[in-house]
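# predicted model, plus sequence, below.
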Amino acid sequence: MEPNVQTGVGLAPKRERVSRTGWERLLLDGGLLLLCFLMLAPFLWIISTSFRLPKDSFSLPPAIFPTSFHLGSYAEVFIRVPFLNFILNSMKISLIIVAGHILISSMAAFAFSRIRFPGRNLLFLVFLSGLMIPAQVTVIPRFILMSKLEMVDTHWALILPGLINPLGIFLIRQLMMTVSTTYDEAAYMDGASRMYVFLKIIMPMAFPAVAVTSVMTFIGTWNDFFGPLIFLNTFEKMTLPIGMAVLSGAFVQGNLSAILAGVAMSLSIPLLFYIAGQKYLVEGISTGGLKL
């Protein structure tokens, strides 16, 4: 009888701990679900309002979920402004910048991580110092340079400065630093060239950081309002953020349902781009700061 009593006494605190852990997990999951709903509520309101009639856009209390499915606002977006042209301009600029940025950043990261040359660390710190300079500080010299090159009011005025980003070089370089140099040495012993090592060995291992940099660069370029506002003058060459400002009207007095319909469509492309690379985001960000 004594062992049974001792066993019973020993099990009681364990059942209490499991019950308390279950309540804590329930509260944690409930809090996270509430936080997720609060974060998604503005997006749900944007989508639901885009389907409403203009007269119902300012209904109180605001309806989070769609109450009607009026598609006239989506058609009005393409009637009021050349919305498709804005999307194509943004897509063209974003994709060219992403492709060029990945090529330049990955090659620079390979040089900083795998090639030893005098002043390598100092030059890398100089590149990183560019992260501390806001883009607004350099807009005047950039505009003067583009004027001298006769690239104002062209997409190249946005593409060329966007090809180099110190943050992308930093992320890719940090992940490459975690790859053992034994892979390089074995490839060199087999007669491989440096370009082969870069393309066939290092780049596949650094793909998570490349994916993170691609997503960040695409979304940043897609949402850029300041650059196109300064460098583009022709209506047909404007990008989507400028087009959304035109759609909103001079004093944001346009049709709110049509404005939010444009916002919903403009969010779809970067959302798809993010979903395609989301599984690499956490891995790339977590490994990007492992080794300096």
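Arrived safely, thanks for sending. Numbers count the residues shown, from 1 in each chain.
# what sits against the most centrally placed residue in the chain?
Central residue of the chain (Cα atoms, centre = their mean): residue 216, 3.1 Å from the mean position. Residue 216 makes contacts with 167, 168, as judged by Cβ atoms under 8 Å, 6 or more residues apart in numbering. (Each C-beta comes from the backbone N, C-alpha and C, glycine too.)
# what about it, which helix or strand?
Assigned by DSSP states H and E, residue 216 belongs to helix 207-222.
# ok, and for that helix, which residues are buried?
The neighbour-count check on helix 207-222 (16 or more other Cβ atoms under 10 Å) flags 207-222 as buried.
# pull the residues that contact whatever helix or strand comes next after that helix.
Using DSSP H and E, the helix or strand that follows helix 207-222 in sequence is helix 226-231. Residues from elsewhere that reach helix 226-231 (Cβ under 8 Å, 6+ apart): 135-136, 139, 143, 146, 152-154, 157-158, 161-162, 238-239, 241-242.
# farthest pair within those?
Of all pairs drawn from the contacts of helix 226-231, the greatest distance, 21.1 Å, lies between 136 and 154 (Cβ to Cβ).
# helices along the stretch 51-200 of the chain, start to end?
Remark: helices assigned in the stretch 51-200 of the chain by DSSP state H, counting those that start in this stretch are 72-80, 83-114, 120-129, 139-148, 156-162, 166-177, 182-189, 194-196.
# hmm, back to that, what about the contacts of helix 226-231, which one has the most neighbours?
residue 239 (28 neighbours; other Cβ atoms under 10 Å).
# right, and that residue touches residue 232 too?
Yes - contact criterion Cβ atoms under 8 Å: residue 239 and residue 232 qualify, at 7.3 Å.
# so what sits against both of those two?
Contacts common to residue 239 and residue 232, judged by Cβ under 8 Å, 6+ apart, are residue 158.
# turn the helices of the stretch 51-200 of the chain into CSV, including mean pLDDT and distance to residue 48.
Output for these, formatted as CSV (pLDDT from 0 to 100; distance: least, Cβ to Cβ, whole Å):
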stretch, mean pLDDT, distance to residue 48
helix 72-80, 81, 12
helix 83-114, 91, 21
helix 120-129, 87, 44
helix 139-148, 91, 38
helix 156-162, 91, 34
helix 166-177, 88, 36
helix 182-189, 87, 52
helix 194-196, 89, 53
